[in-house]
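Undergrad: Okay, here's the prediction I keep looking at, along with the sequence it came from:
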Amino acid sequence: MVAERLQETFETYEITLHASSGIPDDLAESELAVIAAHGGILPEGRYVQRISNDAELVLYPSALANAVRGSAVVVLFICSGGRVDTHPVGETTVGLVRQILDQGCATVIASPWPLDTRVPSHWLPTFLERWSGGDSVIEAAFSANQNVTKQMGDSPLDSLAMNVFGDPLRLRVDQMGTRK
């Protein structure tokens, strides 16, 4: 459903859609990786336990983090993908975002709670337009969140779902290697 709603956006920004039952081999060191999947947390309501698609793919968060290693910006349309929990025995945090940042990614954008399936189709086109136009990640994400508010109403569950982690000032690097 998300892929159908974003098809025009993917074509406009030349984003390759991978809808296979496995993790694409070419995600590492991407300028931008956009991932839509189901997120599952443990029964007690803490810790992202698994990520799955509508087909047969089920994987641990560490496998996804490894797949996108070294990427500049990773957008997660994954329920609770931006959840940050306290480590059960340490003085630190755990979560998918933390694992992705630990793999050398500069910026992760994700929702810390379950995500309405309509949010991506309102959020991503605005984000890409602004980020491609020279805005920083945080500016583009802010504009995209405002568009969600305009399209879906001002419920914080929708309009504030997509949060920026890591480098908020990250700029897009064009094909010539120049930051826009």
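TA: Structure received. Numbers count the residues shown, from 1 in each chain.
Undergrad: Could you use CA atoms for every contact and neighbour count after this?
TA: Noted.
Undergrad: Now do the contacts for the closest residue in space to N145 that isn't next to it in sequence.
TA: Sequence neighbours aside, S159 is the residue nearest to N145 in space, at 5.2 Å (criterion: C-alpha to C-alpha, 6 or more residues apart in numbering). The contact partners of S159, taken as C-alpha atoms under 8 Å, 6 or more residues apart in numbering, are 145-146, 148-149, 152-153.
Undergrad: what about burial for those residues, which qualify?
TA: Among the contacts of S159, those scoring as buried are 145-146, 148-149 (criterion: 16 or more other C-alpha atoms under 10 Å).
Undergrad: for the chain, what spans make up the helices?
TA: Applying DSSP state H to the chain gives helices spanning 2-12, 61-67, 96-102, 119-132, 137-152, 156-159.
Undergrad: So for V173, which of those sits nearest?
TA: In terms of C-alpha to C-alpha, the element of the helices of the chain nearest to V173 is helix 119-132, at 8.9 Å.
Undergrad: residue at max distance from the center of the chain?
TA: When each C-alpha in the chain is compared with the mean C-alpha position (C-alpha atoms, centre = their mean), V89 comes out farthest, at 27.5 Å.
Undergrad: can you pull the pLDDT of that one?
TA: As predicted, V89 sits at a pLDDT of 75.
Undergrad: What of A55?
TA: pLDDT at A55 comes out at 63.
Undergrad: Tell me how far the nearest residue to S30 once chain neighbours are set aside lies from D102.
TA: Closest residue in space to S30, ignoring its immediate chain neighbours: S71 at 4.6 Å, by C-alpha to C-alpha, 6+ apart. In this view, S71 and D102 are 11 Å apart by C-alpha to C-alpha, to the nearest Å.
Undergrad: Which one's more surrounded, these two?
TA: Counting neighbours by other C-alpha atoms under 10 Å for S71 and for D102 shows that S71 has the greater number, 23 against 14.
Undergrad: ok, that one - contacts?
TA: Per C-alpha under 8 Å, 6+ apart, neighbours of S71: 27-33, 104-106.
Undergrad: most neighbours, which of the residues you listed?
TA: Most neighbours among the contacts of S71, by other C-alpha under 10 Å: C105, with 25 neighbours.
Undergrad: Is it correct that it is in contact with V73?
TA: Yes - contact status for C105 versus V73: in contact at 6.8 Å, counting by C-alpha atoms under 8 Å.
Undergrad: Thank you kindly, that will do.
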